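Chemist: Whatever this is, show me its structure:
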Amino acid sequence: MIKAVYVVDCGGQYCHLIASRIRQHEALSKVVPCDVAASSLLGDVGAVIVSGGPESVFDPSSRRVDPALWDLEVPILGICYGCQMLCQDLGGRVEAAPVGEFGRARLFVSRENNSLLLTPEHDGSVVWMSHRDRVTALPPDFETIATTEHSPHAAVAHKKKPLFGLQLHPEVAHTERGLEILRNFVDLAGLRGTWRCADVAQHQISRIQEKTGENLSVFVLVSGGVDSAVAFALIAKALPAHRVAGLYVDTGMMRKDETAKVKASLRALGGNLKFVDASDLFLKNLEGVTNPEAKRRVIGDTFLQVQKEECGFLSDDTHWLLGQGTIYPDTIESGKGGADVIKTHHNRVPEIERLLRAGQVVEPLAQLYKDEVRAVGEKLGLPKHLVWRHPFPGPGLGVRLLCVEDERPPPSRVVVLRNHRGVVKVDIPPLRSVGCQGDSRTYKNFVVFKTGYPRDWVELDRMATDVINEHDAINRATISLTNNATPFVITPGAPHTVTRSRLDLLREADALVHQAFVDADLMTSIWQCPVAMAPLTFHDNAAAAASSSSSSKETIILRPVDSTEAMTASFSKLPWDLLDHLTNALFDKLGDRISDVLFDITNKPPGTIEWE
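Modeler: You can find the predicted model right below:
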């Protein structure tokens, strides 16, 4: 029997990512719910990892593991919330921290560390954090093996047993030596090399064939993105051509010339594909909708409406199943599996949930992350440009278009924030963005550093981290690339919703930005670059915008990020001369319609990759 690493799901954003990382070390991993009985793991359990979660150990209704779990005679690792629960259950103390710790931190390994989990090479390395509570006193027989600036017990270990706790997240790509930590844990359990993951594609093909049997067919909604293309290719490989159908829907929220490029790419995959322009319907259904979560749900429901009209697969005819390119971040960010809702993905709206419960959905990538999906795509022989293209959200530019309905929004605030690094003067516009802090969704204001900020990415990273960690009403930080000191106001003419004219302006800005990155040979080094837009103008040109009958001022927001699996990300540190060139190019082409260009300097967490 192959022993497995059991990952106990406490509702965190990264639970299945932990399982994925364990598979990368050629060890079998299995995800089980938080309330799993320890006695049920006595068969093939080789090690246990208790994941992070969105709750606090102080909450009497928070998820708790079976206390007998800590007594299993196998290596056990608690991560974030799992670490806090481990320490509290075994007699330690956890308290609310005076300062949150989100994103980048530096790890300091104890000289007395003999745990084998951490090595001297981990000392001084960058780790990723996402928490407000922290361990302040250890259980009996435990010792601290590492600290950070805000976590006095960032890593702990039992002196005699293979029991470990990490406040940091070793599973995310932005913890520099995180994979080494997980590898060391797998080695402690003697499990590395006991399982092979090279046959994931064939395994999924077999599962598709098993689910569909000899009679069922699969209908796939394809976007031209990596996930849906790989899913369609897997399904097309698993079934005869007459049992696979695909539909590409132009929502009107695609990038410039996107539909033509997608058609060319998808036709090369084979199968029966249909293309339809439903942009009028999507824009009609989005009229007056401003809330980001509401927009996502409307878009998801409209996709299903188009599917019913075009193919009728959701009728009483049970001959068809729905195929989707859902990957695990879609599921976890939508609040499934017990996690907090960060944002509802279009493939997780209530009607899709009903089909899932009825067993009418095929999702061959649902347990995988973006890097694993790309590996499967390469295994299937898909063209490189398709496998490695920048991710694009299913709702398209609709969730990159910030909206506001209030005709009398509060004015922008220019405030002075004091933190332990000194005094920072920022602009706080009357708009909010979605974030993820402590595995929970946030919807808060963002700050803009407008003038006098250092052109030093390291220092800006610190400033953004400090401002967000120390001011609970803020979840995102940006810099103004024009250095205009005038406060923002909402552009007159509310409501600002999803309209074709706003989308066209955003499309032009997005195309210009991406072409600049292509020209600078940065498309392979940047993982993704969302270009967002907000109805913000300056106080001194608000009157001009109000009197214009042909246009309203908008602010362009650049969000280039570095990531692998989309669960964590750091903002891309681009050359300043490129940003200057890009800002000038945007004003040269769109100058009569835009007020400013912002650059997002927020990592994930606390800010999601997309603004909505």
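Chemist: Please count neighbours and contacts with C-alpha atoms only from this point.
Modeler: OK.
Chemist: can you map out the strands along the stretch 301-450 of the chain?
Modeler: Applying DSSP state E, counting those that start in this stretch to the stretch 301-450 of the chain gives strands spanning 320-323, 361-362, 413-419, 422-428, 432-437, 440-449.
Chemist: Would you mind checking which helix or strand in the protein has the lowest mean pLDDT?
Modeler: Across the helices and strands of the chain, mean confidence by mean pLDDT, DSSP states H and E is lowest for helix 328-333: a mean of 58.
Chemist: Can you name the next helix or strand after whichever strand in the chain runs longest?
Modeler: In the chain, with assignment by DSSP state E, the single longest strand is strand 93-106. With elements assigned by DSSP states H and E, the helix or strand that comes after strand 93-106 is strand 108-109.
Chemist: Helix or strand next in line after that following strand, which one?
Modeler: Using DSSP H and E, the helix or strand that follows strand 108-109 in sequence is strand 126-137.
Chemist: Show me what the mean pLDDT comes to for that following strand.
Modeler: When pLDDT is averaged along strand 126-137, the result is 90.
Chemist: got it, and stretch 247-264?
Modeler: 89.
Chemist: and that stretch, which residues are buried?
Modeler: For stretch 247-264, burial by neighbour count (16 or more other CA atoms under 10 Å) applies to 247-256, 259, 262-263.
Chemist: roughly how far out does that stretch sit from the chain middle?
Modeler: Averaging C-alpha positions (CA atoms, centre = their mean, to the nearest Å) puts stretch 247-264 23 Å from its chain's average.
Chemist: ok, and what's touching that stretch?
Modeler: Stretch 247-264 has contacts (CA atoms under 8 Å, 6 or more residues apart in numbering) with 219-224, 273-280, 282-283, 303, 307, 395-398, 500, 503, 507-508, 510-511.
Chemist: Please apply the same query to stretch 45-65.
Modeler: Contacts for stretch 45-65 (CA under 8 Å, 6+ apart): 3-15, 18, 34-36, 74-85, 94, 133, 186, 189, 191, 339-340, 438-440.
Chemist: Please name the residues that touch the residue lying closest to Leu90 once chain neighbours are set aside.
Modeler: Leaving aside its sequence neighbours, Leu90 sits nearest to Pro139 (CA to CA, 6 or more residues apart in numbering; 5.6 Å). Neighbour list for Pro139: 87-88, 90-93 [criterion: CA under 8 Å, 6+ apart].
Chemist: Test for you: state the pLDDT assigned to Arg111.
Modeler: 86.
Chemist: right, I mislabeled it, should have said Ala585
Modeler: For Ala585, the model assigns a pLDDT of 97.
Chemist: Check Val349 too.
Modeler: 63.
Chemist: try the one 5 residues further on
Modeler: The model reports Arg354 with a pLDDT of 81.
Chemist: Distance-wise, check it relative to Leu322.
Modeler: Taking CA to CA, to the nearest Å as the measure, Arg354 falls 12 Å from Leu322.
Chemist: out of those two, which sits in the busier spot?
Modeler: Set Arg354 next to Leu322 and count neighbours by other CA atoms under 10 Å: Leu322 wins out with 21 against 13.
Chemist: Let me see the contact set for that one.
Modeler: 218-220, 313, 360-362.
Chemist: Grab the two from these that are most spread out in space.
Modeler: Spatially, the most separated pair among the contacts of Leu322 is Phe313 and Val362, at 13.5 Å (CA to CA).
Chemist: overlap in contacts of these two?
Modeler: With CA under 8 Å, 6+ apart, Phe313 and Val362 have common neighbours 321-322.
Chemist: Just want to know which of the two has more residues nearby.
Modeler: A direct count of neighbours by other CA under 10 Å for Phe313 and Val362 places Val362 higher, at 23 against 19.
Chemist: Who are the contact partners of that one?
Modeler: 208, 211, 218, 321-324.
Chemist: C-alpha coordinates for the helix or strand where Arg502 lies, CSV please?
Modeler: Element membership for Arg502 (DSSP H and E) is helix 500-519. Only the C-alpha atoms of helix 500-519 are listed here, as CSV (Å, rounded to 0.1, in the frame of the first residue of the first chain):
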residue,chain,number,x,y,z
ARG,A,500,-19.9,49.5,-24.7
SER,A,501,-18.2,52.9,-24.9
ARG,A,502,-16.3,52.3,-21.6
LEU,A,503,-15.3,48.8,-22.7
ASP,A,504,-14.0,50.2,-26.0
LEU,A,505,-11.8,52.7,-24.2
LEU,A,506,-10.5,50.0,-21.9
ARG,A,507,-9.9,47.7,-24.9
GLU,A,508,-7.7,50.3,-26.5
ALA,A,509,-5.7,50.9,-23.3
ASP,A,510,-5.3,47.2,-22.8
ALA,A,511,-4.1,46.6,-26.4
LEU,A,512,-1.6,49.5,-26.1
VAL,A,513,-0.2,48.2,-22.8
HIS,A,514,0.2,44.6,-24.1
GLN,A,515,1.8,45.7,-27.3
ALA,A,516,4.3,47.7,-25.3
PHE,A,517,5.2,44.6,-23.3
VAL,A,518,5.5,42.6,-26.5
ASP,A,519,7.9,45.2,-27.9
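Chemist: For that helix, give me every contacting residue.
Modeler: When contacts are defined by CA under 8 Å, 6+ apart, helix 500-519 is touched by residues 252-256, 283, 397-398, 401, 523, 529-533, 556, 582, 585-586, 590.
Chemist: Quick one, which of the residues you listed are buried?
Modeler: Looks like the contacts of helix 500-519 have 252-256, 283, 397-398, 401, 523, 529-533, 556, 582, 585-586 buried, using 16+ other CA under 10 Å.
Chemist: Which members of the residues you listed are positioned in helices?
Modeler: Among those, DSSP state H puts 283, 582, 585-586 in helices.
Chemist: What residues of stretch 135-153 count as buried?
Modeler: Those buried within stretch 135-153 under the rule 16+ other CA under 10 Å are 135-139, 142-148, 150-153.
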